[in-house]
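Trainee: dropping the sequence and predicted coords here.
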Amino acid sequence: MKPSAWRAALRIARRDAARAKGRSALVLAMIALPVLGVAGVDVIARSAQLEPAEQAARTMGTAQAAVTIATPGEAILQSPDGQDTTGRGPAEPKDRPKTPAEQRSASTDPAQLLTELLPGAVLVPTGQVKSTSASTVEGRMSTSIEEVDLTDPVWHGKLNVVEGSAPTRPDQLAATRAFLDRSGLRIGDRTALRGLDARPYTITAVAEDPGRLDDNQLYGRPGAVLSALAQAEPEAARSGPQNWTTWLVKLPAGAALDWPKVKELNEYGFTAASRAVLLHPPARAEVPYYAEAAKYSSGYVNKSLLAVAALVPGMALLEIVLLAGPAFAVGARRSRRQLGLLAAGGGDRSHVRAVVLAGGAVLGTGGAVLGLFGGVGLVALLRGPLEEYGGQRFGHFDVQPLDLLGVALVGLVTGLLAAVVPAVQASRQDVVEALTGRGGSKPASRLVAALGVVMVAGGTALALLCAVTNTAPVPGLLGGSVIAELGMLLCTPLLIGLFGRLGRHLPLSPRLALRDSVRNRGRTAPAVAAVMAAVAGAVAVGIYHASDVEKQRQDYRPSLPAGAVALMQGGRSDAVQYAALREAVEKDFGALGERADVLSPTAVPRDCGVSYDCGYVQALKTPEKRCPAEDATTHEERERLSGDPRCTEMRSVSNELGNMFGDVLIGDPALLHNLLDVHDPAAEQALAAGKALVFRPDRVADGKAFLRAEEQPTQAQVDAGDYRGTSREVVVDAVEVHSPLPFASIVMSREAAQKAGLGVRSEGSLWKPAVRASDGTVQKAEAHLAKLDDTVYLDVEQGFKAERSVKMLGLTAFAALVALGAAGIATGLAAADSQQDLATLAAVGASGGIRRRLSGFQCGVIAAMGSVLGLLCGAVPAVALRLLEARNAEIWINGAPIGHEAPVIAVPWADLAALLVGLPVVAVLLAALLTRSRVGLTRRAG
């Protein structure tokens, strides 16, 4: 065709779009929705990705570097950003002489050495954090405190004052928003730290770490808190700060810490994150760390990450095409008479195709532009909540023009692609039928449906096989998922006919709706395909996210049963004082249920009170149940032995639970109830009879359990470098007991421990209330306990909490939005195409209620069929991706891989049921509400 003909086609398409505003608006929305989703996810992902300058600010504020003494007296190698380090390598002999730099590092104070190596530098200590508790509106809660001078600009970017004014006096603090929200305090209120009740601090500011918005922390002036806290709280003084060896480094004006200087610091055992290096990283060949790491690298590549990177945009592109298809199909059918007039006036088939394709170009461009602005605007509007949910601020609102231009081009191209089939169909229509409005849908082709079944089966098998074998996973998962979804698309016309057979069992309105869907497959099939594509995306994201959360849940290792309350006996409380502490806890919490007093056996056979000087007792695996691969000395031997059935549990994350009291415990039936959820009279009788109850099968054999009792090493042993005390093996009579919550390996009675020559140490008490305590109740109890004895520790197991990802949130939210919107728009387009049928019903006397119900059920049928097919299609990429991730997650024993993790696949049945039921219900209600009661009779075409 000549360019002038294309210009004419574009003018016709533009005028047709302007004339049919309602239909054009639906088509624009259908194209804009997936573009909006892709653009929104792109902006979120780009904004959450920090630029080098932003990463530098969060690491070191406005300083030139953040330096940590890693190994005094040992040279190290590091990556340019300082996140990864390694020693000089095992190839060097252990008895090699120290270099002069290592000797100097071993004998010099790190801060002094750093000052000597960086003349003129000002060191600002950071990371000096201590755990404590602070008074709140309800009572007291655990928190941590750090000393920083927030009036120093060096902290800007790393720690920002977002509200109030920075502390300037020793009795002032800054607090994070998380602390204020939990404590109920506000700026201007006062809080007292544990042991410092006589000198409360005033909160003057809200401080925020942009990378950790959820931190529950306080910030005091340098020298104003930590020393006083150490004097008042001996336990905190013994535990010490978490990190005393990191500094922010301010260099003289114009100076920078370049890569050669960083490597020099490595010679002295320092690691450094330098602003200059982050902004201008060295070539890979100039980084000794990479060369050293390559010697021991297996060349392993996690292909699941590559598969995700290909699968998400690939499936999004397919979704855009399938969503836009019904829009242009409806548009072409609604323009049949106009296209027929074009053909009758001398236009050939190419002209008809050009008009329909021009409509795709016009509406595709408009929809892409609307989607871009909508996606960017929506993320901008929700930026604050997104950052709060993800727990970190965006580096900046990152709108990448090339990314969005690519998304817009995808929208335009997919608009054209989606218009190809309607254009070809329109060009082949009979002119007389087009002018008279006659001509129906052709019967579904069984051959095409059979091809679709083959594609569904083949695509599913291809995706799953590539995932399980880790062979070509990127093209395999993407290609298999796309083939399966396209195969389902080919099956749609025949499936519509099968669905239609259900109509004989339904009332009038749904029966008419099903029959109408079968009779008008031409408009039903594209609408079903659009809903299927949108639902498939939402289902894929939903199953993947649910599986990921379930994997986190399985990996989570609580220290107590969910909701349990534990009181650890402190170092200064005697039996009488501890009884008063127990009474205080029971009074503050209310109905806690029965109390279990927890003790543990010791190697020294006496009553040790709360002292840890009496050693400890450990449960041993029986020799015949120990995995032989754990004791292998070579990689080949480990590979051979790892196939032993006893090593099965090593191929997945250990499911053994632990508790804060110990692995071998002494207690009564109340301990069995509260800690292990064991309510077995036979087990309680065995405990009373002096037998040890064993809750892990590999710790008992032939009615015996094996324990190792080890005393604390003497000072002479420590001075000689031997930190293992005298140990002996203890054998006790035992019986195996099943526990749904095996938080301990062995429980025995006090009498059984004494009979075995073991001592006893008091650990604390445990309750398991029927209702989980509120945060306010816990704070009240902690405040009460702190007044009685500040060495006791109260813990309430809050249970599992899933990690939050702003990228996954964006993906889930946009997938749900597209599914809901696409269902409404696709069914709306089909309803618009059925207006003539509704007018015919009105002509024969059908009431407005019948017409509304019919319209509603027509749309409901489309949404229901699309939801069911989308559920099947969406499961394929989600399950395949989870299988691939498990295949790429290796299990290691003693530094060597022996297998892969077991796949974790969880189906969110409640969410999927809501989707399968909710979408059709919403479609029915919307269509019924929007159908007019009065319909003007339309003139018969021709």
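Mentor: Right, received. Where do you want to start? For clarity, every value in this text was computed on a predicted model and none was experimentally measured.
Trainee: output the longest helix belonging to this structure.
Mentor: helix 848-888 (DSSP state H).
Trainee: I'd like the mean pLDDT over it, please.
Mentor: Average pLDDT, helix 848-888: 84.
Trainee: ok, residue 161 touching residue 205?
Mentor: Yes. Using CB atoms under 8 Å, residue 161 is in contact with residue 205, at 4.8 Å. (Glycine included, C-beta is placed from N, CA and C.)
Trainee: what do those two both touch?
Mentor: 150, 174 (CB atoms under 8 Å, 6 or more residues apart in numbering).
Trainee: verify the contact between residue 165 and residue 204 for me.
Mentor: Yes. Assessed by CB under 8 Å, residue 165 is found in contact with residue 204 at 5.6 Å.
Trainee: between the two, which one's more packed in?
Mentor: Between residue 165 and residue 204, residue 204 has the larger neighbour count (other CB atoms under 10 Å), namely 22 against 13.
Trainee: the more buried one: which element?
Mentor: strand 201-208 (DSSP states H and E).
Trainee: so for stretch 366-378, mean pLDDT?
Mentor: Mean predicted confidence for stretch 366-378 is 90.
Trainee: use 10 as the first number for this chain going forward.
Mentor: Happy to do that; since the first residue is 10 now, the last one works out to stretch 375-387.
Trainee: pull the CA atoms of that stretch into CSV?
Mentor: In CSV, the C-alpha atoms belonging to stretch 375-387 read as follows (Å, rounded to 0.1, in the frame of the first residue of the first chain):
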residue,chain,number,x,y,z
GLY,A,375,-2.9,5.9,23.3
GLY,A,376,-3.2,3.0,25.7
ALA,A,377,0.6,2.7,26.1
VAL,A,378,0.9,6.4,26.9
LEU,A,379,-2.0,6.2,29.4
GLY,A,380,-0.5,3.1,31.0
LEU,A,381,2.9,4.8,31.3
PHE,A,382,1.6,7.9,33.0
GLY,A,383,-0.7,5.8,35.2
GLY,A,384,2.0,3.4,36.4
VAL,A,385,4.5,6.2,37.1
GLY,A,386,1.8,8.3,38.8
LEU,A,387,0.5,5.4,40.9
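Trainee: can you give me the buried ones in it?
Mentor: Going by neighbour count (16 or more other CB atoms under 10 Å), the buried part of stretch 375-387 is 375-381, 383-385, 387.
Trainee: could you redo the residues you listed as a markdown table and give each row secondary structure and distance to residue 273?
Mentor: Compiled in a markdown table, those are given as follows (DSSP: H, G, I helix; E, B strand; the rest coil; distance: CB to CB, whole Å):
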| residue | secondary structure | distance to residue 273 |
| --- | --- | --- |
| 375 | helix | 60 |
| 376 | helix | 58 |
| 377 | helix | 53 |
| 378 | helix | 54 |
| 379 | helix | 56 |
| 380 | helix | 53 |
| 381 | helix | 49 |
| 383 | helix | 53 |
| 384 | helix | 48 |
| 385 | helix | 46 |
| 387 | helix | 49 |
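Trainee: related to what we said a few turns ago, next, the buried residues of the strand holding residue 213.
Mentor: 210, 212-217.
Trainee: direction included, what does it pair up with?
Mentor: strand 169-173 (antiparallel), strand 181-184 (parallel), strand 199-200 (antiparallel) (DSSP bridges).
Trainee: what does the shortest one contact?
Mentor: In this case it means strand 199-200. 143-145, 182, 184, 192, 194, 209-212, 227.
Trainee: ditto for the second one
Mentor: Outside of strand 181-184, the residues that reach it under the criterion CB under 8 Å, 6+ apart are 154, 159, 170, 173, 175-176, 192, 194, 200, 210-216, 226-230, 234.
Trainee: toward the C-terminus, what is the element adjacent to that strand?
Mentor: helix 186-192.
Trainee: list the helices and strands that next one packs on?
Mentor: Helix 186-192 sits against strand 149-156, strand 210-217, strand 226-229, with contacts defined as 3 or more CB pairs under 8 Å, 6 or more residues apart in numbering; DSSP states H and E.
Trainee: got the CA coordinates for it in CSV?
Mentor: These are the backbone C-alpha positions of helix 186-192, laid out as CSV (Å, rounded to 0.1, in the frame of the first residue of the first chain):
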residue,chain,number,x,y,z
ARG,A,186,9.7,5.8,64.4
ALA,A,187,9.4,2.1,65.1
PHE,A,188,10.4,2.7,68.8
LEU,A,189,7.9,5.5,69.2
ASP,A,190,5.1,3.5,67.6
ARG,A,191,5.6,0.6,69.9
SER,A,192,6.3,2.5,73.0
